[in-house]
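**Student:** pasting the sequence and the predicted model now:
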Amino acid sequence: MRSTILTTLALCTSNTLARRLFVQPTDLSIANLDDLSLDNTFARPPAKVIQIDDIIPVADVHGNQRCCPVGTVNNGISCVYPESSVCPAGTRLVGSLCVSEAGPQCPSSQHWDGRQCVSDLPPECPKGSQLKGTKCESLRDPACSTGFKLKGSDCVSLTDPACLPLFKLKDSMCVPINPPTCAEGQHFEDGICVGTEPPQCPEGTKLEKGLCYSTDKPTCDLDSYYDETLGLCVHKRKPECHLPNFRLEDSVCVADSDPECEVGYFNGRICMAAPSCPAGTEFNGKGCYIEKPFQCPDGLEFSTDRETDDTKCCLIGFQLSDGRCHKPENDPDNCPPGTEHDEETDMCVTPPESVRCPVGYAYEDGKCMRRSNPDCPGRGTLVNGQCIISTPPKCPEGSDFLGGKCVSDTPPGCPPNTKQDGDRCTSIRAPLCPLGTVLTDNSCVSEKAPVCPPNAVLKGRLCQFPNKPRCPEGSHMAGKDCASPVAPECPSGTTFNGERCVSSNPPQCPSGARFIDGTCVASGPNCPTGQKLIDGRCIGKEVPKCPDDATFDGVDCVAKKKPTCADGLQWDGKTCVGKKGPDCGPNLVFDGTRCVSSEPITCPEGSELINGKCVAAPPTCPEGSVLLNGACVLTKRPQCPENTVPDGDRCLSTELAKCPDNLVPSGDACVSPEPPKCQEGTVWDGERCHTTATYNCFDMGVFCPDVQKSPFALSGSTNASG
């Protein structure tokens, strides 16, 4: 049984679970976790980040193991939360509230749709109408006067518009009943006079598209046939491959079998092989890895921040929180060496240490890993987790490896007087046409054009004559027809719309209805008292009612009574939790994450435990000195001669530097306070003597007085000339 649990636990911590898992608050399903789900309809806890340490093997009633998050049970099918009975009867837990199973109750003849109370009955329409969409449409169609019918939104006359005798209505015009006439041997067609006989073609041809086409198709030599699509003679035999076990494919001969690899397998393009790893390691697609758990320095243990799930190393009995390791302690003298006492929180605090990997292992993807390079056979190169073999695939003799296939060096063969054209053998000779015809657009066309009578010209399939058609008396040519100058007439009270006579009166509707967009629309629809028409539905104005022990929150009936827990448990706003911490047994205490020994780590005599290490007493210094930054520093100030004072690592005189008469100190020299004198007619500009004054502008670098306090203002620059 122990080996089964260990095997299951190893599976729980496999690569599949080596990433963070998130429990969603809606269905509690665990994303990205193979064969693991959470089903619960009794509670919706907030989202929780699941770490690897939260997944443990849990047995069902039959002893079968399954990887489940801590706090769930194995029901034999999936991982589920235990059923909760924290809410009163008739309610269920939704988030942190107990919600009524019945839901909000609406007034009579109304129902709750999740947002509002909706009437069970549709809005009412006046008698003789029915609800269609958001309008009340009359059951009777719009009516027209006698002799009219409804067409669209108009009443049109049943009587056609009138034309003069011997005329009829056509395309909004009055045209003669008799068609236009043409000269003898001609007839009227499509607005012109054309011959009664079609254009004449030579014997053995027929008129098509204004040309004379042979009634016979092009012919080919024996063993060939004419392909109308190609317009060529195609041999009945296909191109043939000369090498055995080769077939024709896309105009070349390729081998029936795949190319062969000396090492590995052929993947359709190149030779590849699986990489191999040393014993005890596993290939993860990048390299050969062996994994070991994190470690803490001696004297420290893992501690996880309950808010951020961050894990660091703290002193035994200390808890990680807000980036520090802390332990409750009222007496500062009881804080372990190397820690400080926080008076505000009454806790012993110390900085945490980072978790470490064993010697020879490196931190990678959240784990301690030791990596070695995999081996590839046949001088292969590892690319994207597979070994690519440098040796190209081999093909049968007389063929080359091209495009992932073995292609014959010899092209396919065709019969004499033919050439290969893809997967066909086409004749090198053109198809033959009957005498007097030529091959044009894959057909045999006569060299002679169709013939029309004298004075006529060929127009497509007709012979057109120059004379114009003659219209019956009282009409004239209008486009391609003869038309009367008199427009069609309509009865009184109607107008001609180009097609029919339309009444000037609109269609009539029953009393109380109006003609709108081709239908009769009545007033309404109406809703019962206390309801309002919204989007074609009657919505109740009253707030839905809830049981006496519940209140309406706008969506659900929420129980006034808060969730209750069994004895020994208390409600934390999300679930029932124990009032006492877990029992760890004798000499062990629960530190918030695990059971640890209540006895502190001991160090050899003359040393003490600091941050998980046994540290000896600090070094000692001679009398009159103290240890500072790893060095012994004298506690007395250095002594300087009389009339001097210490200045860093020097002794400075208390008296100022002196110069001869009329000179003053300036840096390391004695200088005159008076400027140099220039010869007459020149002036000193600060650098040399000039014969004329310059007019450079100097930035005085001063500030003007407040104009409210002084009537003067100084410009930002002053002319040097004064």
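**Tutor:** Cool, the structure landed.
**Student:** domains of this protein?
**Tutor:** Here the domain parsing of the chain from automatic domain parsing is 2-80, 307-356+581-617, 675-722.
**Student:** shouldn't V118 be in contact with I534?
**Tutor:** No. If you go by CB atoms under 8 Å, V118 and I534 don't touch, sitting 9.3 Å apart. For the C-beta atoms, the positions are set from N, CA and C on the backbone; glycine is no exception.
**Student:** when the two are compared, which one has more neighbours?
**Tutor:** Higher neighbour count among V118 and I534: V118, with 18 against 12, using other CB atoms under 10 Å.
**Student:** any idea which of the domains of the chain scores lowest on pLDDT?
**Tutor:** The minimum mean pLDDT among the domains of the chain belongs to domain 675-722 (a mean of 45).
**Student:** any idea how far D572 is from R370?
**Tutor:** From D572 across to R370, the span is 43 Å (CB to CB, to the nearest Å).
**Student:** neighbour count for those two, which is higher?
**Tutor:** Counted by other CB under 10 Å, D572 and R370 do not tie: R370 has more neighbours, with 18 against 10.
**Student:** test my guess that that one contacts Y363.
**Tutor:** No. Counting by CB under 8 Å, R370 does not reach Y363; the two are 11.2 Å apart.
**Student:** tell me the contacts of V355?
**Tutor:** Going by CB atoms under 8 Å, 6 or more residues apart in numbering, V355 touches 294-296, 302, 311-313.
**Student:** and if you look at N467?
**Tutor:** Residues counted as contacts of N467 (CB under 8 Å, 6+ apart) are 182-183, 186, 193.
**Student:** which of the three states applies to it?
**Tutor:** With DSSP: H, G, I helix; E, B strand; the rest coil as the basis, N467 sits in coil.
**Student:** can you start the count at 36 instead of 1 from here on
**Tutor:** Yep, numbering from 36; the last one is N502 now.
**Student:** can I assume T339 is in contact with L355?
**Tutor:** Yes. Counting by CB under 8 Å, T339 touches L355, with 6.4 Å between them.
**Student:** on that earlier part again, which of the contacts of N502 tops the neighbour count?
**Tutor:** Highest neighbour count within the contacts of N502: C228, with 23 neighbours (other CB under 10 Å).
**Student:** picking that back up, which one of the contacts of N502 is nearest R127?
**Tutor:** Of all these, C228 has the smallest distance to R127: 92.1 Å, by CB to CB.
**Student:** now the closest one: how far from P489?
**Tutor:** For C228, the distance to P489 equals 14 Å [CB to CB].
**Student:** same deal with R535?
**Tutor:** Per CB to CB, R535 is found 48 Å from P489.
**Student:** settle it for me: which of those two has more neighbours?
**Tutor:** R535 (21 against 5).
**Student:** what's that one in contact with, if anything?
**Tutor:** For R535, the contacting residues are 186, 191-192, 195-196, by CB under 8 Å, 6+ apart.
**Student:** out of those, which one sits closest to P579?
**Tutor:** Each of the contacts of R535 was scored against P579 by CB to CB, and K186 proved nearest at 50.8 Å.
**Student:** tally of neighbours for the closest one?
**Tutor:** K186: 14 surrounding residues under other CB under 10 Å.
**Student:** just E238 next, same as before
**Tutor:** Residues contacting E238 under the criterion other CB under 10 Å number 7.
**Student:** could you do F202 as well?
**Tutor:** Residues lying near F202 (other CB under 10 Å) number 22.
**Student:** likewise N490?
**Tutor:** Using other CB under 10 Å, N490 has 10 other residues around it.
**Student:** my guess is it contacts Q499. True?
**Tutor:** No. In this structure, N490 is not within contact of Q499 by CB under 8 Å, at 10.0 Å.
**Student:** okay, and H277 sits in which element?
**Tutor:** Following DSSP states H and E, there is no helix or strand that holds H277.
**Student:** tell me the contacts of it?
**Tutor:** H277 sits next to 288, 443, 445, 448 when contact means CB under 8 Å, 6+ apart.
**Student:** okay, it and E224: tell me how far apart.
**Tutor:** Distance from H277 to E224, by CB to CB: 64 Å.
**Student:** buried residues in stretch 342-358?
**Tutor:** By neighbour count on 16 or more other CB atoms under 10 Å, the buried set for stretch 342-358 is 346-356.
**Student:** of these, which belong to strands?
**Tutor:** 346-350, 354-356 (DSSP state E).
**Student:** coming back round to it: relative to I636, which of the buried residues of stretch 342-358 is nearest.
**Tutor:** I351 (6.4 Å).
**Student:** wait, the closest one sits on L335?
**Tutor:** Yes. Applying CB under 8 Å as the test, I351 and L335 come out as touching, 7.3 Å apart.
**Student:** okay, and the common contacts of those two?
**Tutor:** Listed as contacting both I351 and L335 by CB under 8 Å, 6+ apart is no residue at all.
**Student:** need the buried residues of stretch 342-358 in JSON lines with distance to V578, can you?
**Tutor:** Shown next, in JSON lines, are the buried residues of stretch 342-358 (distance: CB to CB, whole Å):
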{"residue": "T346", "distance to V578": "51"}
{"residue": "K347", "distance to V578": "53"}
{"residue": "C348", "distance to V578": "58"}
{"residue": "C349", "distance to V578": "55"}
{"residue": "L350", "distance to V578": "59"}
{"residue": "I351", "distance to V578": "59"}
{"residue": "G352", "distance to V578": "56"}
{"residue": "F353", "distance to V578": "54"}
{"residue": "Q354", "distance to V578": "49"}
{"residue": "L355", "distance to V578": "50"}
{"residue": "S356", "distance to V578": "46"}
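**Student:** nearest to S481 among those residues?
**Tutor:** Distance to S481 across the buried residues of stretch 342-358 (CB to CB) is lowest for T346, with 95.9 Å.
**Student:** surely the closest one touches L335?
**Tutor:** No. T346 is not in contact with L335 according to CB under 8 Å; the separation is 11.9 Å.
**Student:** remind me which residues of the stretch 536-685 of the chain are low pLDDT?
**Tutor:** 613-618, 620, 622-635, 641, 643-647, 652-653, 659-673, 680-684 (pLDDT under 70).
**Student:** need phi/psi at D368.
**Tutor:** Main-chain dihedrals, D368, degrees, to the nearest 10: phi -70, psi -20.
**Student:** ok, back up a step: buried subset of the contacts of H277 as a ChimeraX selection?
**Tutor:** Those of those that count as buried under 16+ other CB under 10 Å are selected in ChimeraX with:
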select :288,443
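**Student:** quick one: which of the contacts of H277 sit in strands?
**Tutor:** Among those, DSSP E puts 288, 443 in strands.
**Student:** which two among the contacts of H277 are spaced furthest apart?
**Tutor:** S443 and G448, at 10.8 Å, using CB to CB across those.
**Student:** number of nearby residues for the residue lying closest to Q235 once chain neighbours are set aside?
**Tutor:** Spatially, and ignoring its direct neighbours in sequence, Q235 is nearest to V486 (4.6 Å; CB to CB, 6 or more residues apart in numbering). For V486, the count of nearby residues is 13 (other CB under 10 Å).
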